[in-house]
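Visitor: The sequence isn't on hand, but the structure is:
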């Protein structure tokens, strides 16, 4: 199988497994796991923040940020096609933990300025307590947002004294694509999170970063949500290994995504825009095959993808090399050239 569903499917390397086996550990509930402490310190350093908090997942990290920043009588504003909007919507439905308002985004994954300003000024609803954005932006196709692009959103919130949270699940993809330190991309955000379990290749975890005071309060919410772990240095060691060896390597995934898009663009009936590929995510559409049927047909032939919003998503990562991608192109071409053979 050629698994292009996500960069979350990556397997830890032998060196990473060795680091996990040798990790010094302690009880992280008491903040005395030395490996976790090193990971949190390193993450905060990379993002230009004072402190970090290791949590099991990006979903939990974003929820902790929302709960820590946003008073109970205020709303969280996020873009309607962002991951944080999907996850917080589900949390709000299940437990009424957050009050969420979503805004439409442009093709880059940014809010329409007039819509954002109107929402921040809305007098007939609860006040806004937090503004969120995403970099890279998943549904926009892995767009790497520049500081100039996000400056308007940050300034609009700052002018009103509203904190900003950056969902940077793939922030280092953006940093590598733009040739900028992650700290520059996180500048202006009061908190930011990133995953070590996506393109960086670790098996578990995200790190939420912010001020010392913010992280101190976030620890309480991590416990409230059941995210406190004990001798978790075993997996934190994988995160440290990922930060040491995985960041620069992301450029390979970006190059593979570009190559894949260019090859797929040659296939009749397939819609893909190589010029829009910025990181490791691309979307394809077929003129005659609906996306669910297309994804199902590819799966039957050994290429695993995700169907999202009427498109098929492909994500390159460290466990799929160029020969595997070449085989995926052959399979996608075979399916594309025989639309009548695909079940609807």
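Guide: Sure thing, it's come through. This structure is a prediction, so every number in the text was calculated from the model and none was measured.

Visitor: Contact partners for residue 88?
Guide: Taking CB atoms under 8 Å, 6 or more residues apart in numbering, we find residue 88 in contact with 62, 63, 66, 76, 78, 98, 100. (Glycine included, C-beta is placed from N, CA and C.)

Visitor: In helices, which of those residues fall?
Guide: 62, 63, 66 (DSSP state H).

Visitor: Can you tell me which of the contacts of residue 88 is nearest residue 270?
Guide: When these are compared for distance to residue 270 (CB to CB), residue 78 wins out at 31.8 Å.

Visitor: hey, where'd the strands end up in the stretch 51-200 of the chain?
Guide: Assignment of strands within the stretch 51-200 of the chain using DSSP state E, counting those that start in this stretch yields the ranges 51-55, 75-79, 100-103, 128-134, 164-167, 191-195.

Visitor: and the angle from the fourth one to strand 191-195?
Guide: Here strand 128-134 points in a direction 40 degrees away from that of strand 191-195 (axes from the mean of the first three to the mean of the last three CA atoms, to 10 degrees).

Visitor: Which single one of the ones in helices among the contacts of residue 88 is nearest to residue 290?
Guide: residue 62 (31.4 Å).

Visitor: follow-up on the earlier one: JSON lines for the ones in helices among the contacts of residue 88, including pLDDT?
Guide: What follows is those, written out as JSON lines (pLDDT from 0 to 100):
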{"residue": "62", "pLDDT": "94"}
{"residue": "63", "pLDDT": "92"}
{"residue": "66", "pLDDT": "93"}
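
Visitor: closest to residue 283 among those?
Guide: Within the set of the ones in helices among the contacts of residue 88, residue 62 lies nearest residue 283; the separation is 22.9 Å, counting by CB to CB.

Visitor: doesn't residue 166 make contact with the closest one?
Guide: No: using CB atoms under 8 Å, residue 62 is not in contact with residue 166; the gap is 9.9 Å.

Visitor: just for this protein, where's the confidence low?
Guide: 89-96, 123, 340-341, 343-344 (pLDDT under 70).

Visitor: residues touching residue 225, list them.
Guide: Residue 225 neighbours (CB under 8 Å, 6+ apart): 60, 63, 64.

Visitor: oh sorry, the question was meant for residue 232
Guide: 25, 28, 33, 36, 54.

Visitor: Keep only those of those residues that are in strands.
Guide: Members of these lying in strands (criterion: DSSP state E): residue 54.

Visitor: In JSON lines, list the contacts of residue 232 along with distance to residue 298 and neighbour count.
Guide: Below are those laid out as JSON lines (distance: CB to CB, whole Å; neighbours: other CB atoms under 10 Å):
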{"residue": "25", "distance to residue 298": "42", "neighbour count": "18"}
{"residue": "28", "distance to residue 298": "41", "neighbour count": "23"}
{"residue": "33", "distance to residue 298": "42", "neighbour count": "25"}
{"residue": "36", "distance to residue 298": "40", "neighbour count": "31"}
{"residue": "54", "distance to residue 298": "36", "neighbour count": "27"}
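
Visitor: residue ranges of the helices in the chain, please?
Guide: When assigned using DSSP H, the helices of the chain occupy the ranges 14-22, 34-47, 58-69, 83-95, 113-121, 147-159, 171-178, 182-186, 212-224, 233-245, 250-264, 291-300, 322-336.
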